[in-house]
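1. My questions concern the predicted model and sequence given below.
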Amino acid sequence: MLKMNTLSPLRSAMIAAIATIPIGITHAAQAAPGSVVVPTIPSSGSPNSGYPISPRPNAPSIVVPIYTPNYPSYPTYPPATPPSRNPNVSTPGRLPPVPNVNRPPNRPVVSNPPISQPAIGGLIYRVVVMDGSELMQQQVRNVVPQAFRTSLNGQSVIQVGVFREQSKAVELQQTLNRNNLQASILPGQASQLPVNPPPRVNPPTSNPGTNPLPTVPRNGTVVVIDPGHGGRDPGAVGIGGIRESEVVLDISRQVVSLLRQQGVEAVLTRSRDEEIELEPRVQFAERSNADVFVSIHANAFDARRTDVNGIETFYYSGGSGQPLAKAVQDSLLRELGARDRGVKSANFYVIRYTSMPAILVETGFVTGSEDAARLASAAGRSRIASAIARGILQYLR
């Protein structure tokens, strides 16, 4: 047993450690900066003794130094204020005038060059959809309104655009493909396209009505005239908003009138602005026991290529329409003095599936400056109608 006045080694070590702490006993007024003054509790009474504790006047205090880490100081910022939702923007005053810089001598004034026709050489890239049906044309026009049906190597296609830069053609092709419209890019030579309006190699030889139309025997010959498009399908739309379906209906009505005057039984597949599918047109011709079938259309090209003009007539290579096509094409060229785009074979539905001699006439380009002017005028349409009727009558003779 240890005696009470004897210190154990552990207690001695604790007392030694406490002795190294810089704790002083002083009054609050004498505390050093950076220290905390803790008042001492008098020895009389304790919290657990049941007796009240009364601080002794002028009792000393324990001064405990505070450790303050040496952190770097950071700048302070004013509180952020949110910007106004609709700030008031003041209109700037008049801009100062541009100083007049003296142009060096012998330096020409540069102006914007005039827009010139593209060079003849080089490649072109034609974007087409190989399905040339009327339904497909409507679907393509939902994406590219200026698309139109045309023929390519005798096949009906939807032409969407012609470009000299391949990147633009690819961009349009990708746009169509994203809309589930399978488009193709067909490269070709730019020299195949006319650059300047061609001269009139076949000037008109007469005015309508000056030369009487040929007569044919009244033997009950039936001719079916088929105005293309109609109704919701306007066909090609060209300069000034001219619509293929409207101009070919007017031309077709006049052709029928002229043929009837010569004793030919002529009828129309449509006599008003209505939409008729391709098969019913063929069935109408078959039920009519037609001797001749003539489908009348107007052509179109890239709206920027107003220099593309001319007449072309198509027949089905497996049929008997080539002599009829040549007679009508020659008559149009003599009557109009238009550019000759030739007599060509094609697989158009209405001339392939008819059993009688059948042709499809493209009476000019609604996008061409020369042809559109003729198609848009009443006198021009009358000349076209007279030429078609004359060609049919010459064939029937």
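-> Great, that's in hand. Nothing here was measured: the structure is a model prediction, and the numbers come from that model.
2. how much space between the closest residue to Gly132 other than its chain neighbours and Arg260?
-> What sits nearest to Gly132 in space, not counting adjacent residues and going by CB to CB, 6 or more residues apart in numbering, is Ser156, at 2.9 Å. Placement of C-beta: from N, CA and C, glycine included. When CB to CB, to the nearest Å is applied, the distance between Ser156 and Arg260 equals 31 Å.
3. who's more crowded, the two?
-> Here Ser156 and Arg260 are compared on neighbour count by other CB atoms under 10 Å; more neighbours surround Ser156, at 22 against 14.
4. phi, psi of the residue nearest to Gly132?
-> Backbone torsions of Ser156, given as degrees, to the nearest 10, read phi -80, psi 130.
5. And the one 4 residues further on, by the same measure?
-> Val160 has phi and psi values of phi -100, psi -30 when expressed as degrees, to the nearest 10.
6. which residues does it contact?
-> With contacts taken as CB atoms under 8 Å, 6 or more residues apart in numbering, Val160 has the following neighbours: Val127, Val128, Val129, Val140, Val144, Ala147, Leu172, Leu176, Ala183.
7. Does anything pack onto the strand or helix carrying Glu279? Which helices or strands?
-> Glu279 is part of helix 278-287, with elements assigned from DSSP states H and E. If you count contacts as 3 or more CB pairs under 8 Å, 6 or more residues apart in numbering; DSSP states H and E, helix 278-287 packs onto strand 222-227, helix 349-352.
8. Stretch 286-306: end-to-end distance?
-> 38 Å (CA to CA, to the nearest Å).
9. sorry, back to before: can you tell me which of the contacts of Val160 are in helices?
-> Among those, the members found in helices (DSSP state H) are Val140, Leu172, Leu176.
10. between those, which is nearest Asn289?
-> Nearest to Asn289, judged by CB to CB, of the ones in helices among the contacts of Val160 is Val140 at 36.6 Å.
11. Report the contact partners of the residue nearest to the closest one when sequence neighbours are not counted.
-> The shortest distance from Val140 to any residue other than its chain neighbours is 4.5 Å, reached at Ala147 (CB to CB, 6+ apart). The neighbours of Ala147, taking CB under 8 Å, 6+ apart as the test, are Val129, Gln137, Val140, Arg141, Ile158, Gln159, Val160, Gly161.
12. Show me what the last one is bridged to.
-> According to DSSP bridges, the partner residues bridging Gly161 are Val127.
13. ok, it touching Phe148?
-> No - look at Gly161 against Phe148 with CB atoms under 8 Å: they stay out of range, at 10.6 Å.
14. who has more neighbours, the two?
-> Residue environment comparison for Gly161 versus Phe148 gives the larger neighbour count to Phe148, 27 against 20, counting by other CB under 10 Å.
15. who's that one bridged to?
-> Per DSSP bridges, the residues bridged to Phe148 are Gln159.
16. If you count neighbours, what's buried in stretch 177-191?
-> Leu181, Ala183, Leu186 (16 or more other CB atoms under 10 Å).
17. Can you tell me which of these is nearest Ile388?
-> Ranking these by separation from Ile388, with CB to CB as the measure, puts Leu186 on top at 31.1 Å.
18. ok, so what distance separates that closest one from Ser345?
-> For Leu186 relative to Ser345 (CB to CB), the value is 19 Å.
19. ok, now Glu279?
-> Remark: distance between Glu279 and Ser345 (CB to CB) = 21 Å.
20. Next: Glu171.
-> Remark: distance between Glu171 and Ser345 (CB to CB) = 34 Å.
21. ok, the two, which is more surrounded?
-> Ser345 (18 against 12).
22. Spell out the secondary structure type for Gly263.
-> Put simply, Gly263 is coil when judged by DSSP: H, G, I helix; E, B strand; the rest coil.
23. Thought Val216 was touching it, still the case?
-> Yes - assessed by CB under 8 Å, Gly263 is found in contact with Val216 at 6.6 Å.
24. buried set for stretch 366-374?
-> Of the residues in stretch 366-374, those scored as buried under the neighbour-count criterion (16+ other CB under 10 Å) are Val366, Thr367, Gly368, Glu370, Asp371, Ala372, Arg374.
25. correct me, but the last one touches Ile384?
-> Yes - with contact taken as CB under 8 Å, Arg374 and Ile384 are classed as touching, separated by 7.2 Å.
26. Now list whatever residues contact both of the two.
-> Leu336, Gly364.
27. name the helices or strands packed onto the next helix or strand after the helix holding Glu279?
-> Past helix 278-287, further along toward the C-terminus, the next helix or strand under DSSP H and E is strand 292-299. Under the contact definition 3+ CB pairs under 8 Å, 6+ apart, strand 292-299 sits against strand 222-227, helix 244-261, helix 322-336, helix 349-352, strand 358-365, helix 369-376, helix 378-396.
28. partners of the helix or strand harbouring Pro187 in the sheet?
-> Pro187 belongs to strand 184-189 when assigned by DSSP H and E. In its sheet, strand 184-189 lies beside strand 123-129 (antiparallel), with partners assigned from DSSP bridges.
29. So for the partner strand, what gets flagged as buried?
-> With burial defined by 16+ other CB under 10 Å, the residues of strand 123-129 counted as buried are Ile124, Tyr125, Arg126, Val127, Val128, Val129.
30. thinking again about what came up before, buried residues in the helix holding Glu279?
-> Neighbour-count burial for helix 278-287, with 16+ other CB under 10 Å as criterion, is recorded at Leu278, Arg281, Val282, Phe284, Ala285.
31. Per-residue pLDDT of the closest residue to Met356 other than its chain neighbours, please?
-> With CB to CB, 6+ apart as the criterion, Met356 has its nearest non-adjacent residue at 5.2 Å, and that residue is Ala290. The per-residue pLDDT reported for Ala290 equals 95.
32. Could you do Arg339 as well?
-> 93.
33. Make sure it is actually in contact with Gly310.
-> Yes - with the criterion set as CB under 8 Å, Arg339 and Gly310 qualify as a contacting pair; they are 3.5 Å apart.
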